[in-house]
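>>> no sequence on this one, just coordinates:
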């Protein structure tokens, strides 16, 4: 199972071995801004926001040796110019929107991006912290979502299940077993592809049908 890790450039600079471990295990690093004190918002000028993006991308590339293809804004905050600035900097996809269950093209004056939906409802924070559900309920909800999407895919084409994880939430010793139960259960199902964001983006944009078929 491989995934995409959203990393602040400040974290990468402080813990470069962490990025080496992530990449060494076959995962993808996507840019998550500089840090949570440098948010993107409408009051920033074009130059100020572009500087934030450029700094984050350059720093991650220096530390990891790979320039990120994906982006997740800190706190998912954007200005109206963020997508165009990302496209101009060569970003292929971004994960700030949760308004669909499938990727879709997002056109800007600087070029096109793929909007890669990142679910709020399935995040460990939403289920375990905000909704105060148990670890057993977390497992049940993810599996139910997966089974429903598999059922829909039989008639409507493939579906995307995004599974947002927060290390200091799901990674706690008394919770990590719940994540293992989820992954083991999903791995037993036929027709599931565990994919990094860059692989999903490539499959989406190169599909003749404009989808994940």
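Yep, it's here. Just so you know, these numbers come straight off a predicted model, no measurement behind them.

>>> mind listing the helices in this structure by residue range?
9-14, 16-24, 46-64, 82-88, 124, 135-156, 167-170, 176-187, 197-205 (DSSP state H).

>>> outside of the fifth one, which residues touch it?
Spelled out, that is helix 124. 138, 164-166, 169-170, 175 (CB atoms under 8 Å, 6 or more residues apart in numbering). (Each C-beta comes from the backbone N, C-alpha and C, glycine too.)

>>> Drop anything exposed from those residues.
With burial judged by 16 or more other CB atoms under 10 Å, the buried subset of the contacts of helix 124 is 138, 164, 170.

>>> residues in contact with residue 78?
Contacts of residue 78 (CB under 8 Å, 6+ apart): 40-41, 96.

>>> Which phi and psi values does it adopt?
Main-chain torsions, residue 78, degrees, to the nearest 10: phi -140, psi 160.

>>> same check, this time on residue 27
phi -90, psi 170.

>>> you'd agree residue 70 is up against residue 91?
Yes - with contacts defined as CB atoms under 8 Å, residue 70 counts as touching residue 91 at a distance of 7.0 Å.

>>> and residue 69, how many residues sit next to it?
Counted with other CB atoms under 10 Å, residues neighbouring residue 69 total 20.

>>> hang on, isn't it packed against residue 91?
Yes - with contact defined as CB under 8 Å, residue 69 reaches residue 91; the gap is 6.7 Å.

>>> so where is this protein shaky, pLDDT-wise?
In the predicted model of the chain, residues 207-213 satisfy pLDDT under 70.

>>> ok, 50 please
Low-confidence segments of the chain (pLDDT under 50): 209-213.

>>> what's the most centrally placed residue in it in contact with, if anything?
The geometric centre of the chain, computed from its C-alpha atoms, lies nearest to residue 95 (CA atoms, centre = their mean), at 5.4 Å. By CB under 8 Å, 6+ apart, the contact set of residue 95 is 6, 30, 70-72, 116-118, 197.

>>> Contact partners for residue 26?
The contact partners of residue 26, by CB under 8 Å, 6+ apart, come to residue 2.

>>> quick one: it from residue 188, how far?
21 Å (CB to CB, to the nearest Å).

>>> and if you look at residue 157?
23 Å.

>>> Neighbour count: the two, which is higher?
Using other CB under 10 Å as the criterion, residue 157 and residue 188 rank with residue 157 on top: 13 against 8.

>>> phi, psi of the residue nearest to the centre of the chain?
phi -120, psi 20.

>>> Repeat that for the one 5 residues further on.
Note on residue 100: its backbone torsions stand at phi -160, psi 170 [degrees, to the nearest 10].

>>> Correct me if wrong: it contacts residue 115.
Yes - contact between residue 100 and residue 115 holds when scored by CB under 8 Å: they sit 7.5 Å apart.
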